[in-house]
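Undergrad: Everything below, folded, please.
(one chain, ligands or ions: 1)
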Amino acid sequence: MEKKKTIKLYFDRPVDKDVPINMDGGQFGAPRNKGRRPHKGLDFKAYLKPVYASERGIVVYSGTREGSISETNYGETIVIDHTPAIPDDERHIYTLYAHLDKKSAYRGQKVEKGDTVGISGNSGTVAYYKKLNQSFHLHFEVIDSPTEIDWSYGWHSGNRKDPTDYLGGVTTIEYDLGDMVEKSVYSRGHLI
Ligand SMILES: [Zn+2]
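TA: Sure thing, here's the model as predicted:
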């Protein structure tokens, strides 16, 4: 018998309410690199501001992402997995916080929504904003992946979604209970 389980996630903006979104090229999908690729996140005009976990989860990356010539240099970066209990082959949602001045969360740390995970800055490649004298900002991404991502192994640029579709709303994830979970459930003689 197939069993499903549902979780609901409520993503909040990762900076205080008075920190605006950069509407001048900082929106999701805005052209980058002379139009060759679109911006894959949402930028907040945050000059050395606290950065908060958008929803509860587990920090799966806390490091310096140097990138390469063809990739974005994210600088000091935090990634949170908001679906850590879901089986590997099911949908996972992550949030990413880049160009931080300081990180204040470590890999493996459990965080609640609103916990401070860093201070916004201008680490990494912020050439686009240097032109506009706005290099200090928070680059925020939502990665909605059909399977789990191993952030300790390489980097992953797929499945970026428009964060404005997630912030302030409810995201419902339905997934199959894995075989192991199912066995343990039956071994206790009842369904969860
Ligand atoms: Zn950005």
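Undergrad: On the three-state scheme, the residue of the chain found nearest the ion is what?
TA: Here the chain gets closest to the ion at one residue, His139, 3.4 Å apart by Cβ to the ion. Heads up, the C-betas are built off the backbone N, CA and C, glycines and all. Here His139 is recorded as strand under DSSP: H, G, I helix; E, B strand; the rest coil.
Undergrad: Just to check, it is in contact with Lys45?
TA: No - using Cβ atoms under 8 Å, His139 is not in contact with Lys45, being 11.5 Å away.
Undergrad: for the closest residue to Tyr166 other than its chain neighbours, what are its contacts?
TA: The shortest distance from Tyr166 to any non-neighbouring residue, by Cβ to Cβ, 6 or more residues apart in numbering, is to Phe11 (4.5 Å). By Cβ atoms under 8 Å, 6 or more residues apart in numbering, the contact list for Phe11 reads Ser54, Glu55, His82, Thr95, Val142, Pro163, Tyr166, Leu167, Gly168, Gly169, Thr171.
Undergrad: Tell me the buried residues within the residues you listed.
TA: For the contacts of Phe11, a neighbour count by 16 or more other Cβ atoms under 10 Å gives the buried set as Ser54, Glu55, His82, Thr95, Val142, Pro163, Tyr166, Leu167, Thr171.
Undergrad: Is the last one bridged to anything, and to what?
TA: On the basis of DSSP bridges, Thr171 takes part in beta bridges with Leu9.
Undergrad: Max pairwise distance over the contacts of Phe11: which two?
TA: Across the contacts of Phe11, the longest distance by Cβ to Cβ is 15.2 Å; it joins His82 and Gly168.
Undergrad: Lys49 is in contact with His137, correct?
TA: No - the pair His137 / Lys49 is not scored as a contact, 9.6 Å apart, by Cβ under 8 Å.
Undergrad: who has more neighbours, those two?
TA: Using other Cβ atoms under 10 Å as the criterion, His137 and Lys49 rank with His137 on top: 26 against 21.
Undergrad: any idea how far Ala98 is from the more buried one?
TA: 9 Å (Cβ to Cβ, to the nearest Å).
Undergrad: separation between the residue lying closest to Ile58 once chain neighbours are set aside and Asn73?
TA: In space, and not counting its chain neighbours, Ile58 is closest to Pro84: 4.6 Å by Cβ to Cβ, 6+ apart. To Asn73, Pro84 is 27 Å away according to Cβ to Cβ.
Undergrad: count of residues packed around Asn122?
TA: 19.
Undergrad: And it, what's its pLDDT?
TA: pLDDT for Asn122: 90.
Undergrad: Report the contact partners of it.
TA: Gly75, His99, Asp101, Tyr129, Ser135, Phe136, His137.
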